[in-house]
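**Q** predicted model, plus sequence, below.
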Amino acid sequence: MKNLTHLITLLLIIGTVTGCATAVVGGAATGAAVVHDRRTAGTVVDDQGIELKINNAIGASQRLSGNSHINVTSYNLNVLLSGEVGTPALKVEAERLAAATQNVNRVMNHLVVGPNSSLGARTKDTWITTKVKSSLFGIKIEGFDPTRIKVVTEANTVFLMGLVNRQEGSAAINEARQVSGVHRVVALFEYL
C-alpha cells in the first residue's frame, strides 16, 4: 500500500510539473472510477461532460473569461465552483451558467470575490491536494477505497466530495485536517 501511495504521488507530481495533470489524473480517475466508484459508469461520464460544458460556457462568457479563475468539479451531478471572480455579479453569473447546464442537480458556489490567485498559490494548492489524496490511503476501514473521494484545494481550503458512509466521511475529514498547509476542510459528501 505504501508503494501505491508513492506511485500515485509521483504521477501527480510528474503530471503537474509537465503541465499534463489533467490528462494524467483525468485518465487515471476515469479508469479507477469505472472499477471502484460508487457512481454508475454513466454518471461518471455525465460528470466529465458537465465539467466540460460549464468550462466552455465560462470561456465563452466575455465577462467571466477575463475576470476570473474558476475551477469546476462535478461529482454525482453536483457541481462545485471554486476559485476567484472579480465581482459579486460575476459570482452569480458563474452559478447561473453552471445551474443551467443539462444534468446538473445542485451547484455549490464557493467562489471568492477578489483578485485571481497567483501561480505560486495554485501550485501550493496542487501540492496540498496531492498530499491529501495520498493521506487517504492510510485510512483503515473495511471496504474503504480512497479513490472514491474527490479532493479539490483552493486557497488552502480542501473540498471533499464523494459517496461515502458516515464512518468513511469522518475518517477522510480527520485525515485531511492533519495534512500540513490545510487551513480548512469543507465536506461536500453525499452519505449512503
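**A** On my side now, so go ahead.

**Q** centre-most residue in this structure?
**A** Val152 (3.3 Å; C-alpha atoms, centre = their mean).

**Q** residue contacts, it?
**A** Counting by C-beta atoms under 8 Å, 6 or more residues apart in numbering, Val152 touches Asn71, Thr73, Leu80, Ser82, Thr129, Val158, Phe159, Met161. Every C-beta, even on glycine, is put in place using the N, C-alpha and C of the backbone.

**Q** CA atoms only: put the helix or strand that it is a member of into CSV for me.
**A** Using DSSP states H and E, Val152 sits within strand 150-154. Extracted in CSV, the C-alpha atoms of strand 150-154 (Å, rounded to 0.1, in the frame of the first residue of the first chain):
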residue,chain,number,x,y,z
LYS,A,150,-12.6,13.7,-5.0
VAL,A,151,-10.2,16.2,-3.5
VAL,A,152,-10.1,19.9,-4.6
THR,A,153,-8.0,22.5,-2.9
GLU,A,154,-8.4,26.2,-3.3
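
**Q** and that strand, average pLDDT?
**A** Averaged across strand 150-154, the pLDDT comes to 98.

**Q** could you do stretch 78-86 as well?
**A** Here stretch 78-86 scores 97 as its mean pLDDT.

**Q** what sits opposite Thr153 in the beta ladder?
**A** Val158 (DSSP bridges).

**Q** I'd say it and Thr130 touch.
**A** No - contact criterion C-beta atoms under 8 Å: Thr153 and Thr130 do not qualify, at 9.1 Å.

**Q** which residues touch stretch 35-52?
**A** Stretch 35-52 is contacted by residues 26, 30, 33-34, 72-77, 79, 101-104, 145, 147-148, 162-163, 192 when judged by C-beta under 8 Å, 6+ apart.

**Q** next SSE downstream of the lengthiest helix in the chain?
**A** Longest helix of the chain, by residue count under DSSP state H: helix 41-60. Downstream of helix 41-60, the first helix or strand assigned by DSSP H and E is helix 62-66.

**Q** many thanks, I have nothing further to ask.
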